[in-house]
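*Asks:* need a 3D model of the sequence below.
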Amino acid sequence: MSNTQKPQTLDFENERGASRSKWVAAGLVIAIVGWMGSGFFAPADDTATTATTETAARIVSVAVTPSTAQTVAQYFVAEGQALPDRETNLRAEATGQIKEVVVKKGDLVAAGDVIARFDIAQNEADLNRAQEEQIRAKREFENAETLLDRGVATNDRLAQARAALASAEAALTAAQKSFENSEITAAFAGRVESLDLNEGEFVTSGSDVGHIVDNTPLTVTIQIPQQSLRDIKTGQTAVVKFITGEERTGTVTFVGTSADAATRTFLAEITVENEDGAVPAGVSAEIRIPIGEVTAHFMSPAILSLGTDGTLGVKTVDTDNTVVFQPIAIERAQTDGIWVSGLADEARIITIGQAYVNNGEVVNPLSETELAEATQ
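*Replies:* Okay, here's the model as predicted:
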């Protein structure tokens, strides 16, 4: 081989089967592109179906109860105490020995009834002595006047006689009063609550010997907060329920105009008839005074909710099945439920499941029966 001979380049284009690899590569490219295209478009239906399923799963079923507002009475409610209409101490107005005790503790007495009597023997003697002394002093005074007119007495003697007469007259008046007050009597009709007095006992004038109470009628006292003062007026009717179980109707007879410095409340009094004396003085009582009417819904306090800012309210469902949080105010409480205002006259209130839904969320409203069946 000559050194000048050039090497020959291999060429397979003309060989049999040389173009087969090109067709294979093109086929693979087309297959890959087709597979990727089918993967992009075909799952679209599955994705939409999955999204719809997830959305449906997120819609919570709740129990909804329709409610219609009603007109109910508003009451001012307070706790109070029943006090007797009148009470006073029985007091001796004379000094002496007790001869007779007519009544005993617990007896009912009328105004002027005798409670006890003094032994008047000493009083009679004192009265006779005072009468004689007054007569003597008067005679001495008249003699002093006569002698002064004649010029044989002085003005000093007349002044002394006048003073002696005045002293005698005062003693006579006291003796007469002691004689007249030889009986201890009741100042008014009532019940003898205490009587510390025995026959033969010596008492002095002004000493307390017992206590009498008149609880027909009763006076019930309450304290009114300053924000409620405008709602309470004299003449209003009040329902009074005593702790003894008795319930009576009373009338507001007094409303204070000066607040207590410590509590900022105003004193009010309700007069309650108690002719039979069945309600004792001193017992506690609940007072309910009607102060107006309000439109409200009745519901269980268990369905109340709190807003994000702590506002008290209930959750309702609107016509689009969307949860709406409604702030409310409690107008009246009863043993079986509460009356609240702040809702529309017609409302769909969530009664079961309100804790699991939020304001603005779409829900599936059902009746309580339907919800119970769905969860079984």
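*Asks:* does the closest residue to residue 255 other than its chain neighbours fall in a helix, a strand, or a coil region?
*Replies:* Nearest non-adjacent residue to residue 255, counting by CB to CB, 6 or more residues apart in numbering: residue 268, 4.9 Å away. Every residue, glycine included, has its C-beta placed from N, CA and C. Secondary structure assignment for residue 268 (DSSP: H, G, I helix; E, B strand; the rest coil): strand.
*Asks:* hey, what's residue 242 bridged with?
*Replies:* Beta bridges link residue 242 to residue 285 when assigned by DSSP bridges.
*Asks:* tell me the gap between the host helix or strand of residue 325 and the middle of its chain.
*Replies:* Residue 325 is part of strand 323-327, with elements assigned from DSSP states H and E. The chain centroid and the centroid of strand 323-327 are separated by 29 Å, computed with CA atoms, centre = their mean, to the nearest Å.
*Asks:* packing partners of that strand?
*Replies:* Applying 3 or more CB pairs under 8 Å, 6 or more residues apart in numbering; DSSP states H and E, one finds that strand 323-327 contacts strand 312-317.
*Asks:* report the buried residues of the strand it packs on.
*Replies:* Going by neighbour count (16 or more other CB atoms under 10 Å), the buried part of strand 312-317 is 313, 314, 315, 316, 317.
*Asks:* cool, and stretch 152-172?
*Replies:* Neighbour counts over stretch 152-172 (16+ other CB under 10 Å) mark 153, 157, 158, 161, 164, 165, 168, 171, 172 as buried.
*Asks:* nearest spatial neighbour of the second one, skipping sequence neighbours?
*Replies:* Sequence neighbours aside, residue 144 is the residue nearest to residue 157 in space, at 5.2 Å (criterion: CB to CB, 6+ apart).
*Asks:* so is the one you found in a helix, a strand, or just coil?
*Replies:* Judged by three-state DSSP, the three-state class of residue 144 is helix.
*Asks:* give me the number of residues near it?
*Replies:* Residues near residue 144, counting by other CB atoms under 10 Å, number 22.
*Asks:* again with the one 4 residues further on
*Replies:* Using other CB under 10 Å, residue 148 has 15 other residues around it.
*Asks:* just list what the host helix or strand of residue 167 packs against, helices and strands only.
*Replies:* Per DSSP H and E, residue 167 falls inside helix 155-180. Packing partners of helix 155-180 (3+ CB pairs under 8 Å, 6+ apart): helix 121-150.
*Asks:* now do the helix it packs on against helix 155-180, angle only.
*Replies:* Calculated by axes from the mean of the first three to the mean of the last three CA atoms, to 10 degrees, helix 121-150 forms an angle of 160 degrees with helix 155-180.
*Asks:* residue 255 contacts residue 233, doesn't it?
*Replies:* Yes. Using CB atoms under 8 Å, residue 255 makes contact with residue 233 at a distance of 6.8 Å.
*Asks:* between those two, tell me which one has more neighbours.
*Replies:* The neighbour count for residue 255 versus residue 233, taken as other CB under 10 Å, is higher for residue 255 (16 against 12).
*Asks:* so what's the backbone phi/psi at that one?
*Replies:* With angles defined as degrees, to the nearest 10, residue 255 sits at phi -130, psi 120.
*Asks:* I'd like the numbering to begin with 75 instead of 1 from here.
*Replies:* All set: I'll call the first residue 75, so the last point we hit is now residue 329.
*Asks:* now the helix or strand hosting residue 361: average pLDDT?
*Replies:* Element membership for residue 361, per DSSP H and E: strand 358-373. Strand 358-373 carries an average pLDDT of 93.
*Asks:* just the helices in the chain please.
*Replies:* Assigned by DSSP state H, the chain shows helices spanning 94-115, 118-132, 195-224, 229-254, 442-448.
*Asks:* which of those helices has the lowest mean pLDDT?
*Replies:* Across the helices of the chain, helix 118-132 gives the lowest mean pLDDT, at a mean of 50.
*Asks:* tell me the domain ranges of this protein?
*Replies:* Taking automatic domain parsing as the domain assignment, the ranges for the chain are 134-147+368-448, 150-157+287-367, 167-193+259-280, 195-255.
*Asks:* looking at the ones you listed, which has the lowest confidence?
*Replies:* For these, mean pLDDT drops lowest on domain 195-255, to a mean of 86.
*Asks:* what comes up buried for the strand holding residue 361?
*Replies:* Buried residues in strand 358-373, counted by 16+ other CB under 10 Å: 359, 360, 361, 362, 363, 365, 368, 370, 371, 372, 373.
*Asks:* excluding its backbone neighbours, what's nearest the second one?
*Replies:* Ranked by CB to CB, 6+ apart and with sequence neighbours excluded, the top spatial neighbour of residue 360 is residue 315, at 4.8 Å.
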